[in-house]
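> any chance you could fold what I've pasted below:
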Amino acid sequence: MEEVPKQPKVPPTVDLSIYNGNKRYLLLFLAEIQMLMISGIVFGWEPLQDAMIQQNVFLDLCSKGETSCKAQSLRLNLVYTIGTFTATGSAFVSGYIFDKKGPIWTNIIAFVLMVLGCIVWYVAQYINDNLYILSFALIGTGGPACQVSLLHIANLFPKIQSSISSSFSGMFVGSSFIFKVFSIIAERYHIDIPVIFMYYIAINILLFVPTFFMMDSKPYLPMEEINRLHAISNDNQSINNQHEHQNQNHQNLKEKSAIQQMLSWQFILLCLFMSFNSLHEIFYIGIVNTLFTDQFYIDFFNYSWYCGLFMVPIVGYIMLKSNIYLNSIYVISAGFLFGIVALIPVTKLQPVGFILVSLQNVYLWAFFFVYLSEVFGYNNYGKLMGLSSIVTALIGLLEYLLVYLTLNVLTFFWLNLILTLSKIPLYYFSYKLWKTYKNPKDYLPLNQNDN
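Here you go, the predicted structure:
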């Protein structure tokens with residue numbers, strides 16, 4: 001009998017035809033809309049906070065006759081802090097589930113958490129105001145689970161992979177506009193916010209259910225990774241030869257265990273990079289309502305933040321044209337310039353800072369998604385994303401302390417100065433990346449992977 005040639009060892013759950021078929025466009029559309037409607041919804045806190053104040057939530061913490069007080073403000077800020085903590089800290093669990101069970105189960109869990117969060121928000125008005133904290137924690141956990149389950153869809157488009165990752169980041173930022181939509185609907189049609197949360201469940205059903213049936217049980221790998229598996233399976237060195245020019249440490253890092261990757265400087269410095277950039281952003285979101293007496297500037301900030309979505313083409317283009325270390329420099333510099341502008345006591349100048357911090361937020365998360373897959377590969381993608389998110393979340397808890405200090409001890413100027421100066425050491429991360437990947441051949445942007 002004639003011997004059958006050995007076939008390449010490609011992951012059995014990956015249907016290579018989808019990389020060229022039309023199904024991937026529908027999957028991408030559903031992923032983008034899910035990201036927009038769900039992933040970073042907790043960060044659009046201000047409109048929801050205003051609605052809660054109008055509903056006298058936590059007003060029982062104030063003295064009799066007071067219409068508002070610091071105790072109420074701090075408790076409301078605690079709802080936001082817990083929501084943002086779970087939105088980042090829970091990603092380790094989501095990432096673990098993604099690595100072990102795949103994207104479909106991760107997406108299902110995200111759906112369940114979002115539905116439970118909406119239900120708890122609705123019943124909180126009848127039972128206890130503190131249930132709003134639980135509700136926001138559930139919603140904050142569901143958002144990242146949704147995001148983790150969908151990021152791999154960008155791999156279906158090898159030539160523009162980093163641009164799609166940027167668009168996911170933009171949708172993540174744009175999702176913070178959802179609560180603003182809630183408040184507009186509530187004011188215009190006289191519908192209570194808790195009722196709108198129940199309608200939001202129906203939207204979740206329409207978005208999630210088709211994805212359950214369309215995605216594969218395993219994540220879609222980058223074509224570069226699939227080609228590497230072909231080479232290993234066939235004992236063929238052609239793929240290795242064509243990448244001989246790449247930095248050996250970089251290549252080895254993708255093959256290392258999760259623990260070894262977590263202990264690498266590439267991962268440790270990434271965690272610090274994400275944490276301190278993110279802390280400055282969420283602190284500003286938490287305190288911005290107290291910084292301006294003119295509502296115009298508060299509204300300008302909110303819309304600048306929401307409209308980070310429209311900065312995606314700019315960020316995507318820059319990422320395609322720039323090396324990995326240059327992209328890190330751009331992220332840090334945008335945040336540093338924002339901090340400098342915020343230090344200047346000229347109110348009319350602050351919209352410039354609003355735009356800078358919005359740009360940095362989109363760029364920060366786009367860089368994060370691309371960096372993880374490009375530097376570490378997909379063997380431990382979920383775990384690495386989750387652990388780095390936990391570190392970011394733990395440092396992000398300082399936001400509550402910073403807001404307390406701003407309201408009771410120090411002024412915003414000094415705290416903002418400290419956070420701005422804390423970005424300077426982050427340039428060491430860029431320096432290390434430059435030393436390791438300074439040869440353009442040492443780093444192939446994701447859009448240049450094999451098609």
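> for stretch 375-385, which positions count as buried?
Buried residues in stretch 375-385, counted by 16 or more other Cβ atoms under 10 Å: 375-385. C-beta here means a position set from N, CA and C on the backbone, and glycine is covered the same way.
> now do stretch 320-333
Those would be 320, 323-325, 327-333, for stretch 320-333 by 16+ other Cβ under 10 Å.
> I'd like the mean pLDDT over that stretch, please.
Stretch 320-333 shows a mean pLDDT of 90 in the predicted model.
> give me the contacts around that stretch.
Stretch 320-333 is contacted from outside by 162-163, 273, 277, 318-319, 360, 363-364, 367, 370-371, 374-375, 423, 426-427, 429-431, 433-434, 437-438, 440, 443, 445, 447, using Cβ atoms under 8 Å, 6 or more residues apart in numbering.
> returning to what we had before: from the buried residues of stretch 320-333, which two are the most distant?
Spatial extent of those (Cβ to Cβ) is set by the pair 320 and 332 at 19.5 Å.
> how about the helices in the stretch 251-400 of the chain?
If DSSP state H, counting those that start in this stretch is used as the criterion, the helices of the stretch 251-400 of the chain fall at 258-262, 265-291, 295-306, 312-321, 324-343, 350-371, 381-396, 398-408.
> confidence-wise, which helix or strand of this protein is lowest on average?
Ranking every helix and strand in the chain by mean pLDDT, DSSP states H and E puts helix 238-242 at the bottom, with a mean of 45.
> can you tell me the centre-most residue of the chain?
By Cα atoms, centre = their mean, the mean C-alpha position of the chain lies nearest to residue 365, the distance being 5.3 Å.
> list the contacts of it.
Contacts of residue 365 by Cβ under 8 Å, 6+ apart are 169, 172-173.
> ok, and the most crowded of the residues you listed?
If you count neighbours using other Cβ atoms under 10 Å, the busiest of the contacts of residue 365 is residue 169, which has 32 neighbours.
> re the thing from before, just the contacts of residue 365: which are in helices?
Under the assignment DSSP state H, those contribute 169, 172-173 to helices.
> quick one: these as CSV, columns for pLDDT too.
Shown next, in CSV, are the ones in helices among the contacts of residue 365 (pLDDT from 0 to 100):
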residue, pLDDT
169, 78
172, 82
173, 78
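> could you dump these to a markdown table with distance to residue 123?
Conversion of the ones in helices among the contacts of residue 365 to a markdown table gives the following (distance: Cβ to Cβ, whole Å):
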| residue | distance to residue 123 |
| --- | --- |
| 169 | 34 |
| 172 | 28 |
| 173 | 30 |
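> which of those residues lies closest to residue 100?
Looking across these and measuring by Cβ to Cβ, the closest to residue 100 is residue 172, at 23.8 Å.
> wait, doesn't that closest one sit right on residue 39?
Yes: contact status for residue 172 versus residue 39: in contact at 4.7 Å, counting by Cβ atoms under 8 Å.
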